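Asker: Everything below, folded, please.
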Amino acid sequence: MSIRTIRKIGISTGGGDAPGLNAVIRAIVLSALQHGWETVGIRDGFNGLLTPEDYPDGGVITLNAKSVAGITHLGGTIIGTTNRGDPTRFPVIQSDGTVLEVDRSDELIQRFTEAGIDALITLGGDGSLAIGAHLAAKGLRVIGVPKTIDNDLDKTFMTFGFDTAVSFATECLDRLHTTATSHRRIMVVEVMGRYAGWIALHAGVAGNADVILIPEVPYDIEKVAEVIRARERTGRLYTIVVVAEGAKPAGGAVSVLGKTMGQAEKLGGIGEKVAHELQERTGRESRTVVLGHLLRGGSPTSFDRLVALRFGAAAVRALDEGLSSVMVSLDPPTVRYEPLREAIRRMKTVPLDCDTMESARDLGISFGD
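Answerer: The predicted structure is shown next:
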């Protein structure tokens with residue numbers, strides 16, 4: 001396909017929100033202005049194009065220097081996001097009330113054309129980037145920007161949102177140390193991350209946790225209980241346990257709260273299970289704290305702001321260079337481009353021999369194995 005001259009680019013943000021999304025949007029808009037390009041934001045993933053009747057503004061809004069002024073430090077996304085708008089499996093309510101998933105990707109491509117949008121910059125995790133790769137294969141020019149607090153996207157050193165999530169989780173652990181010490185309790189802190197343990201590992205090490213349970217290392221609850229007993233024998237009458245939501249016992253399964261159409265299974269509940277079992281085995285009072293969506297909100301750290309701004313500017317440069325179906329990627333100290341299909345080929349999990357894991361074990365932190 002010949003490369004058309006770009007006059008208008010669209011931005012979509014899909015999946016869970018993450019600190020830094022607005023910084024990327026601002027960088028894209030300001031960088032595009034340098035090329036004389038117009039920028040529009042698509043509401044709630046691709047819903048603004050697929051269901052424009054749901055939006056008073058028509059589902060697509062013009063973004064300019066004024067509309068993105070002062071948003072770098074804001075969490076969330078000014079154009080909205082969703083994890084239920086996959087155009088390849090779009091939920092449509094039938095006349096009998098049932099919901100059928102249909103492929104509306106060809107229709108979506110047509111709506112891009114009708115809106116005069118020449119290229120798309122999509123901000124998201126593996127699901128959103130997979131959709132971007134699908135649309136690129138159908139002829140749309142697409143650049144992906146990696147976004148997830150879970151840091152589980154391959155082909156990039158780090159995703160924006162991760163540093164903010166870890167920083168907040170670490171602050172929470174700092175606070176819990178004092179109350180755990182005062183009441184001589186076991187404090188079990190459940191954090192997000194789905195099937196990768198990056199948040200739990202980094203926050204747990206930085207926040208001086210005694211036990212860290214991650215999906216990559218199935219745990220033995222009795223070994224965790226023995227850590228607590230050993231601490232008691234040396235006069236340390238409290239324990240901080242960090243649990244990734246995707247952690248699972250050896251021979252067991254992850255804890256799932258449920259699943260709805262168009263969404264991945266919802267993980268959660270493992271923190272409460274671990275706390276209950278530890279209290280039964282040790283006789284020590286246990287409490288559970290689920291940080292959940294608190295990790296997604298709030299102002300991005302300076303690191304995430306800078307990465308987000310660099311990603312947004314790099315995405316526009318990629319379009320200017322005639323690229324498509326690539327993802328911008330952090331490869332310190334530079335930002336480079338990776339094929340979208342390669343970026344979503346596999347999940348980036350915690351390597352068991354990585355330096356952070358080895359350092360944690362050197363510090364005496366248990367992984368329940």
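
Asker: Show me the helices in this protein, by range?
Answerer: 21-34, 47-50, 105-114, 126-137, 162-183, 198-206, 221-233, 270-282, 302-320, 340-343, 355-362 (DSSP state H).

Asker: which one of these is the most hemmed in?
Answerer: Among the helices of the chain, helix 198-206 has the highest mean neighbour count (mean count of other CB atoms under 10 Å), at a mean of 25. (Each C-beta comes from the backbone N, C-alpha and C, glycine too.)

Asker: if we can go back for a sec, let's have the helices of the chain in TSV, adding mean pLDDT and distance to residue 333.
Answerer: Output for the helices of the chain, formatted as TSV (pLDDT from 0 to 100; distance: least, CB to CB, whole Å):
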stretch	mean pLDDT	distance to residue 333
helix 21-34	98	18
helix 47-50	96	36
helix 105-114	96	35
helix 126-137	95	24
helix 162-183	95	16
helix 198-206	98	20
helix 221-233	96	39
helix 270-282	96	37
helix 302-320	97	10
helix 340-343	94	20
helix 355-362	97	19
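
Asker: which ones are touching the most far-flung residue of the chain relative to its centre?
Answerer: Centroid-distance maximum for the chain: residue 233 at 40.0 Å, with CA atoms, centre = their mean. Contact partners of residue 233, counting by CB atoms under 8 Å, 6 or more residues apart in numbering, are absent.

Asker: same thing with residue 204?
Answerer: 173, 212, 242, 360, 365.

Asker: tell me the mean pLDDT over stretch 74-81?
Answerer: Averaging pLDDT along stretch 74-81 gives 96.

Asker: Residue 158 - how many residues pack around it?
Answerer: 17 (other CB atoms under 10 Å).

Asker: my read: it touches residue 149, true?
Answerer: No - contact criterion CB atoms under 8 Å: residue 158 and residue 149 do not qualify, at 10.9 Å.

Asker: May I see the buried residues of stretch 291-300?
Answerer: For stretch 291-300, a neighbour-count test (16 or more other CB atoms under 10 Å) marks 291, 295, 296, 298, 300 as buried.

Asker: scratch that, stretch 242-258
Answerer: 242, 243, 244, 245, 246, 247, 248, 249, 254, 255.

Asker: Any chance of the backbone angles for the nearest residue to residue 240 once chain neighbours are set aside?
Answerer: Nearest residue to residue 240, sequence neighbours excluded (CB to CB, 6 or more residues apart in numbering): residue 209, at 4.7 Å. Phi and psi for residue 209, reported as degrees, to the nearest 10, are phi -70, psi 150.

Asker: What distance do you get for residue 49 to residue 360?
Answerer: Relative to residue 360, residue 49 is positioned 46 Å away (CB to CB, to the nearest Å).

Asker: for residue 112, same thing?
Answerer: For residue 112, the distance to residue 360 equals 47 Å [CB to CB].

Asker: still on that earlier bit, may I ask which two of the contacts of residue 204 are separated the most?
Answerer: 173 and 360 (13.8 Å; CB to CB).

Asker: what distance separates stretch 213-220 from the centre of its chain?
Answerer: 20 Å (CA atoms, centre = their mean, to the nearest Å).

Asker: err, stretch 215-224, not the other one
Answerer: In terms of CA atoms, centre = their mean, the centre of stretch 215-224 is found 24 Å from the chain centre.

Asker: what's the answer for stretch 160-167, then?
Answerer: For stretch 160-167, the distance from its own C-alpha centre to the chain's C-alpha centre is 9 Å (CA atoms, centre = their mean).

Asker: Run through the residues that contact the residue nearest to residue 240.
Answerer: Residue 209 neighbours (CB under 8 Å, 6+ apart): 173, 189, 203, 240, 241, 242, 365.

Asker: In strands, which of those fall?
Answerer: Those of the contacts of residue 209 mapping onto strands are 189, 240, 241, 242, per DSSP state E.

Asker: For the third one, list each beta-bridge partner.
Answerer: Beta-bridge pairing of residue 241 under DSSP bridges involves residue 188, residue 211.

Asker: Hmm, it is touching residue 207, no?
Answerer: No - using CB under 8 Å, residue 241 is not in contact with residue 207; the gap is 11.4 Å.

Asker: higher neighbour count, the two?
Answerer: Legend: neighbour count by other CB under 10 Å for residue 241 and residue 207, higher for residue 241 (27 against 21).

Asker: Having no further points to raise, I will conclude here.
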